[in-house]
Each structure stands twice: as C-alpha cells, then as structure tokens.
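K.L.:
coords please:
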Amino acid sequence: MQINDKSGNKSYQAESKRYDGMSYRRSGKSGVLLPALSVGLWHNFGFVDNLQKGREILRTAFDLGITHFDLANNYGPPYGSAEENFGTIFKNDFKPYRDELFIATKAGYDMWSGPYGNWGSRKYLISSLDQSLKRMGLDYVDVFYHHRLDPDTPLEETMGALADIVRQGKALYVGISNYQPEETQKAAALLKELKVPFILHQARYSMFDRWVEDGLLNTLNDNGVGCIAFSPLAQGLLTDKYINGIPEGSRASKKLTYLDEDTVSNNLDKIQKLNAVAQNRGQKLSEMAIAWILRQPQVASVLVGASSSNQLKENVKALDNLKFSNDELNLIEKIIS
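P.N.:
Here you go, the predicted structure:
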C-alpha cells in the first residue's frame, strides 16, 4: 500500500542533522546505544487509527534522532495491526534506513486462539516472531522480548527459545519485560550460560509507579542489562491534562485501560504540586516526569507513546533539562511518597 504525504510526494528523506540533537545511552554493558527517548506503538498505530498520522509521528521521531521503535505482536487493535501498519510505513519510508533503526517486538500475551497462542512456550515464541517478521516485512528484529513470565512453562524452555531465535538470525539481541527481580536474575543466569546477548528489561516506571526501584534496577546493574521504561507519564496523569480535573474526551473520562476518574481524583493533589515544581524548573510536568526517570543510570531509554508529532516534540524537550538539584529531588520525593 502506497502512502502519499500531503504534497503528493511518495518518498521520504530523513533530516540530515537528525543525530545532532538527540542523546544516546548505553544499554547495560552491551555495545548498543539507544536514544534517550524511544517511540512505542502500543496505541495509535492499529487499524482503528489514522495511518497517515502514524506515518507522520514516525517520520518526526526519526528526524529527531529517535532510532528505536518498539512493537509487540498484540499491539493494535486488532492484534497484529500495529506491526502490519508499521510494515507498510517501513516499506515506504524507512527501508533505506534499516541499519540505522533499532526495532523491537515481543510475545507473551494472548495473541491467537488455542493452547499455543499465549505465554512462553518455545512453540509460541518462535511462531509468533515468524508472524511478526512477516507482518513488518523484516528479515530480523534488533531485539525480541519475552513479554511476561510464564508461571507454568520452565524458564529454561523460554530462555532456550530466545537463544535459538538469536542463533537463527531472527533477532540480534533479546530482552524480557515485566519480570520481577528474582525472576530476572534467573533469566540472566540462563542466558549468560547460553551465551545470548541479553541487553534490555522493559519495565513500567514512573513517579507514580516505582516498583523497579525495589531491587530490579540493582539486579539489572549487576548483570549488565539496561532498563527501558514504559508508561513514564502514568497513562497521562503526569501531564498538564488533568491539573484542573478531568477534561471531556480524555482517557480518564472514557474509563479506558489503566486510568479512570477515581485514579485522577486520588492523585490530583500530587499532580498539582508536581506541576508547580516543573514550572519552577521551566518545564512542563510531562517533561520533568521523563527527566526524573532518566536520572537513573540503569535506564537506557524512556519509551513514550504519541498521538501527534507535536506531542512527541514536546516530550523530546525533556532532554533540554535533565539535571535536578538535591532540593528538587527531596521535594519531589516528599510529594510522591
């Protein structure tokens, strides 16, 4: 499917100075440098969304030096549609830049019917990645994640499947997501024994969700693995959207996944106080929330979603002020504790 931009042009030429303004951070002890901000395609890239808008977001991202695009087999809706749309955009815009891109996908959540379309079996992981590569029109992904721990499949089977995926040339690196510290340590030991490049743990992390600080970041540091943080804005709570309540048409007003009116109300005082801190720093609340995560040395990148190119540009402004004074950190800690 050919996509034309508004001027009718069919080709895309990336910004020549795209790497000048972005900062890059090493993922653990690997050779991989990730942009401080990466783009996730969880929302806004399915068949229910506007493909042209998605194309504009990804073009803007790459022009800003964002080289890492993060997907999963079940992103959409419907399942698989984000990968398929990405494949269309990749074919039309990014194929000449494949070696400059770091593309990820995952498997671990419900994807297709029957006993082999979920969790962490060798059957599921290898089959899922084969499907993902076909949808995206890729020969390989740069990193393939197991999306969540399977409590019933032996960890040796799951990690063995990841190892074989690398050996088959379908992924260059592997990662895990949503694993607790103890499980992460076990996975790291198995992958080390299998001589597989395990470089990333994708974990939910924000000012309002700090579970990674309770052991996970230390575990990653000990094993030379980087952390990539998702949901850094707590589904929009850590933006200026809810400072004065719940606007009509917002995620909370629609009672969408992970956010509702009660959650906003229960956190409104904190949101307003954090916004005051951000204003004193000359930042928007969303910018400060991203900068606060990037203060952690184990964090290789912060994964942001975007519903528009302008929203993405706004998030990138967080990189203009990453330093916090001790007084600021102490005040933020007092507010969110």
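K.L.:
Could you report the pLDDT at residue 258?
P.N.:
Note for residue 258: predicted pLDDT of 66.
K.L.:
from memory residue 183 sits against residue 158, does it?
P.N.:
No - between residue 183 and residue 158 no contact is recorded; they are 10.5 Å apart, counting by CB atoms under 8 Å. Any C-beta I mention is one placed from the backbone N, CA and C, and that applies to glycine too.
K.L.:
Looking at those two, which has the bigger crowd around it?
P.N.:
More crowded of residue 183 and residue 158, by other CB atoms under 10 Å: residue 158, with 23 against 16.
K.L.:
Find the helix or strand that the more buried one is a member of.
P.N.:
Assigned by DSSP states H and E, residue 158 belongs to helix 155-167.
K.L.:
Pairing partners for the following helix or strand past that helix, with directions?
P.N.:
Once the chain leaves helix 155-167, the next helix or strand it forms, by DSSP H and E, is strand 171-177. Note on strand 171-177: by DSSP bridges, its sheet partners are strand 141-146 (parallel), strand 198-204 (parallel).
K.L.:
okay if I get these as TSV plus mean neighbour count?
P.N.:
Below are the strands paired with strand 171-177 laid out as TSV (neighbours: other CB atoms under 10 Å):
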stretch	mean neighbour count
strand 141-146	24
strand 198-204	25
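K.L.:
Let me know which of those is the nearest to residue 21.
P.N.:
Proximity to residue 21 (CB to CB) singles out strand 141-146 among the strands paired with strand 171-177, at 22.3 Å.
K.L.:
Now do the same contact list for residue 178.
P.N.:
Contacts for residue 178 (CB atoms under 8 Å, 6 or more residues apart in numbering) come out as 108, 147-149, 202-204.
K.L.:
if we take the residues you listed, which one ends up nearest to residue 98?
P.N.:
Each of those was checked against residue 98 using CB to CB; the closest is residue 202, at 22.0 Å.
K.L.:
Name the nearest residue to the closest one, sequence neighbours excluded.
P.N.:
Leaving aside its chain neighbours, residue 202 sits nearest to residue 177 (3.9 Å; criterion: CB to CB, 6 or more residues apart in numbering).
K.L.:
What score does that neighbour have for pLDDT?
P.N.:
Turning to residue 177, the model gives it a pLDDT of 98.
K.L.:
which residues touch stretch 327-337?
P.N.:
The set of residues external to stretch 327-337 that reach it, using CB under 8 Å, 6+ apart, is 207-208, 210, 270, 273-274, 277, 281, 292, 295, 324.
K.L.:
same thing but at 6 Å, please
P.N.:
For stretch 327-337, contacts defined as CB atoms under 6 Å, 6 or more residues apart in numbering pick out 207, 270, 273-274, 277.
K.L.:
now those residues: which count as buried?
P.N.:
Burial by neighbour count, 16 or more other CB atoms under 10 Å: within the contacts of stretch 327-337 this picks out 207, 270, 274, 277.
K.L.:
mind putting those in TSV, pLDDT included?
P.N.:
Listed next are these as TSV, based on pLDDT from 0 to 100:
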residue	pLDDT
207	98
270	96
274	98
277	98
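K.L.:
Tell me which of these fall in helices.
P.N.:
Using DSSP state H, the members of the buried ones among the contacts of stretch 327-337 that fall in helices are 270, 274, 277.
K.L.:
picking up where we left off before, what would the strands paired with strand 171-177 look like in TSV with distance to residue 162 and mean pLDDT?
P.N.:
Formatted as TSV, the strands paired with strand 171-177 follow (distance: least, CB to CB, whole Å; pLDDT from 0 to 100):
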stretch	distance to residue 162	mean pLDDT
strand 141-146	6	99
strand 198-204	8	98
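K.L.:
quick one on the thing from earlier: hang on, isn't the residue nearest to residue 202 packed against residue 144?
P.N.:
No - judged on CB atoms under 6 Å, residue 177 makes no contact with residue 144 at a distance of 10.8 Å.
K.L.:
Name the residues contacting each of these two.
P.N.:
Counting by CB under 6 Å, 6+ apart, residue 177 and residue 144 have no common neighbour.
K.L.:
low-scoring stretches of the stretch 1-150 of the chain, by residue?
P.N.:
Within the stretch 1-150 of the chain, the segments meeting pLDDT under 70 span 1-10.
K.L.:
Distance of the residue nearest to residue 155 when sequence neighbours are not counted relative to residue 224?
P.N.:
Counting by CB to CB, 6+ apart, residue 155 lies nearest to residue 186, which is 5.8 Å off, once chain neighbours are set aside. Residue 186 sits 16 Å away from residue 224, going by CB to CB, to the nearest Å.
K.L.:
Next, the contact list for the closest residue in space to residue 122 that isn't next to it in sequence, please.
P.N.:
With CB to CB, 6+ apart as the criterion, residue 122 has its nearest non-adjacent residue at 4.1 Å, and that residue is residue 161. Residue 161 is in contact with 122, 125-126, counting by CB under 6 Å, 6+ apart.
K.L.:
and the residue nearest in space to the middle of the chain, which of the three is it?
P.N.:
In the chain, the residue lying closest to the centroid (CA atoms, centre = their mean) is residue 303, at 3.5 Å. Of the three states, residue 303 takes strand under DSSP: H, G, I helix; E, B strand; the rest coil.
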